[in-house]
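[1] what's the 3D shape of this:
(2 chains)
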Amino acid sequence: MIIMSTRRWALTGIGLAILLSLPLFLPNFWLVNIFGRALVYGIVALSLTFLAHYGGFVSLAQTMIAGVAGYAVAMMAPNAIPLGDVTLPYALAIPLAVLAATVAGAVVGLIAVNTREIYLLMITLALAVGFSLFAQSNITWFNGYEGIRNVVGPEIFGRPFRTPMVFYYTALIVAALLYLLVLYVVRTPFGLVLQAIRDSNRRTAAIGFHVGLHRIAAFALAGFIAGWGGVLITFYNIGITPSSIGLWATVGVLIMAVIGGLGHPLGAFIGALIFALMDTFASSIIGHDRFNTLIGMVFLIIVLLSPDGVWGMGGRLAAALGRKDRNKITGSNTGSEQPR
Amino acid sequence: MTLSTSSASDLPALVLDGVGRRFGALHAVSGVTLTIHAGERRAILGPNGAGKTTLFNTICGDYPPTSGKITYFGADISQLKPYRRARMGIGRTYQSSTLFNGLSVRENLYLAVRAAKSGRFSMIKAGPGHTDLVRVAVLAEQVRVDHILDTRIDAVSHGQRRQVEIGMALAGDPKLLMLDEPAAGLSAAERPELVTLMAGLPRDLTLILIEHDMDVALANSEKVTVMKDGVVVVDSTPEKVVDDPVVQAIYLGEGH
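    Model (predicted):
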């Protein structure tokens, strides 16, 4: 156990060091459009992984909830085009936007409180599509099809948010904090109840927990996480449009979470990184006509090889290597075949 | 929160008054009238499909009764939600082990301890030595699983799962404990462990036990209720039940 956790700490340290030092040797394009993008979309995928892995709720509404925060911050942002009726400094607009997403998460949780599996998917998908269509047709607040532009984000230490270094480090810090939040919460009473609901919601009620309220609270927390993602995505895109929270964006976040692996919160970011790489480079590898085919093939291969995504693949690889090491130590003289 | 002895003897722990439960056209349980006194050990016997587990489900609230009334220490609980009944001190185990498979034995017991208190939504992790964790250790010892606390539930034996279940049902200091076939599927080696455990339960705890095995049921109870086809056929002491012709017919008919 001790060796395991030391190794884990070492891996965490190495990973963190690499991520922190990326700006030293990566060109800005990679920093912002690959890693930065993976971090901000990964946050939304993280909210999905949190609900799916620990609660057993696969919610397709996470992109829409991120969109609530994105639109909220855009409507309040100074310099936005068109300018909203009420403009607030970013220091207020961002927390309010995240709060809006938290409330939206709770509302989605409330609406879907008694549904599970395919019905939960359908309800959350319907909400997602409904919200995006509403944003598209509403001119007064959402500016319809065009959406809201020029949401540049706050200045941090006097430097514009769009500076690659500022954007990257902000995204990294927010993503890391939310990732740690998930890892911590799932060991608290609240997080354990969530896993209990996943394993047997009948017994969870039988020992005295109000399953419905816990579900709603979990969706609210997932909304809080997705909200941060939504705010950062809006700054990344310098604005927000209905299509950025539409069906394709919803499916995109689901793909990130699944190919990365729903088994661990880190899977969300791995998936988002692969997605960003494929989305950016597929067209230069195979040309504009066929690049979606290549993307689809890669995702299909990942899911076929490893139903629990890249994270699961890594886990099995590590286990296999560990077994090999043990064989070496025990010096199995019966050959390489080990009885299972 | 324990009742004084006088009031406990005044109020029956559980009164079922014409309790019935139907699923569509199927009357799983009908017209069950029973009084179970505080501190009583009651066994419910009957062949498969007699409605024993359905009766449990109406009492704990998983499937509230479709007719009749359930009174628990004087309070009408017929239509309360399961979590409300659990907080009033009704604990139960299930026939099929439905524990929280992704969590350790410790975490399963810990959740049951937390469920009985406020702060169910707490987002603060319990540190070592926390009172809840002390309580978990006591429970684990009581149900004799203290040596496997950090093992994941899906890796422990069937008998140990049963013990964890009873520990979880005991976590809220229940006044009424309902055990649904606790000995089912246990090996000969595991049975004595369960019997020891049950013998160690506090005397003032009201216990209702569904048991298939007649010998186990009779040895662990003061009164026996025999059910068949959703109705109570005999409600008496173990001695009389053994001699009852109806009961003999049921069990001999099963090839007992």
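[2] excluding its backbone neighbours, what's nearest the residue most central in space within chain B?
    Closest residue to the average C-alpha location of chain B: B:M178 at 1.5 Å, with Cα atoms, centre = their mean. Leaving out its chain neighbours, the residue that sits closest to B:M178 by Cβ to Cβ, 6 or more residues apart in numbering or on different chains is B:R92, at 4.1 Å. To be clear about C-beta, it is placed using only N, CA and C from the backbone, and glycine gets the same treatment.
[3] quick one, strands of the stretch 151-300 of chain A?
    If you assign secondary structure with DSSP state E, counting those that start in this stretch, the strands in the stretch 151-300 of chain A sit at A:239-240.
[4] how about the helices of it, start to end?
    Listed in chain order, the helices of the stretch 151-300 of chain A (DSSP state H, counting those that start in this stretch) span A:164-185, A:189-199, A:201-206, A:211-236, A:247-260, A:265-286, A:291-305.
[5] between those helices, which one is closest to B:R162.
    helix A:201-206 (13.6 Å; Cβ to Cβ).
[6] buried residues in that closest one, which are they?
    Of all the residues in helix A:201-206, those buried under the rule 16 or more other Cβ atoms under 10 Å in any protein chain shown are A:201, A:203-206.
[7] which of the residues you listed lies closest to B:A126?
    Among these, A:T204 lies closest to B:A126 (Cβ to Cβ), at 18.4 Å.
[8] now do the contacts for that closest one.
    A:193, A:196-197, A:211, A:214, B:100, B:111 (Cβ atoms under 8 Å, 6 or more residues apart in numbering or on different chains).
[9] quick one: it and B:K81, what's the gap?
    12 Å (Cβ to Cβ, to the nearest Å).
[10] what about stretch A:54-72, near chain B?
    No - on the criterion Cβ under 8 Å from any Cβ of the partner chain, stretch A:54-72 is out of touch with chain B, staying 8.7 Å away.
[11] which residue is the nearest non-sequential neighbour of B:Y94?
    Counting by Cβ to Cβ, 6+ apart, the residue nearest B:Y94 is B:D180, at 5.8 Å.
[12] which ones are touching that neighbour?
    B:52-53, B:56, B:92-95, B:210.
[13] contact residues of chain A facing chain B?
    So far as Cβ under 8 Å from any Cβ goes, chain A lies against chain B at A:184-185, A:187-193, A:195-196, A:198-200, A:202-211, A:213-214, A:217.
[14] what about stretch B:235-248, how long is it end to end?
    Chord length of stretch B:235-248, first to last residue, is 14 Å (Cα to Cα, to the nearest Å).
[15] mean confidence for that stretch?
    Stretch B:235-248 comes out with an average pLDDT of 83.
[16] what segments of the stretch 151-256 of chain B are helices?
    With DSSP H, counting those that start in this stretch, the ranges of helices along the stretch 151-256 of chain B come out as B:158-170, B:191-199, B:214-219, B:238-243, B:245-253.
[17] among these, which is the most enclosed?
    helix B:158-170 (a mean of 23; mean count of other Cβ atoms under 10 Å in any protein chain shown).
[18] give the contact list for A:L221.
    A:L221 touches A:50, A:102, A:105, A:185, counting by Cβ under 8 Å, 6+ apart.
[19] let's see that with 7 Å instead.
    A:V185 (Cβ atoms under 7 Å, 6 or more residues apart in numbering or on different chains).
[20] and it, what pLDDT?
    A:L221 is assigned a predicted lDDT (pLDDT) of 97.
[21] mind checking which of the residues of chain A next to chain B are buried?
    Counted by 16+ other Cβ under 10 Å, those give A:185, A:188-193, A:195-196, A:198-200, A:203-211, A:213-214, A:217 as buried.
[22] chain B: strands as residue ranges?
    B:14-23, B:26-36, B:41-45, B:67-72, B:75-76, B:90-92, B:176-180, B:206-210, B:223-228, B:231-236 (DSSP state E).
[23] listing partners with orientation, what would you give for the shortest one?
    Strand pairing for strand B:75-76, using DSSP bridges, gives strand B:67-72 (antiparallel).
[24] which outside residues touch the partner strand?
    With contacts defined as Cβ under 7 Å, 6+ apart, strand B:67-72 is touched by B:14-20, B:58-59, B:76-78, B:88, B:90, B:176.
[25] ok, 8 Å please
    B:12-22, B:30-33, B:58-59, B:76-78, B:85, B:88, B:90, B:176.
[26] which parts of the stretch 151-256 of chain B sit against chain A?
    B:168-169, B:171-172.
[27] and residue 230, how many neighbours?
    Looking at chain A here, since you left the chain open. Residues near A:G230, counting by other Cβ atoms under 10 Å in any protein chain shown, number 36.
[28] wrong one, I was asking about chain B
    Based on other Cβ under 10 Å, the number of other residues close to B:G230 is 22.
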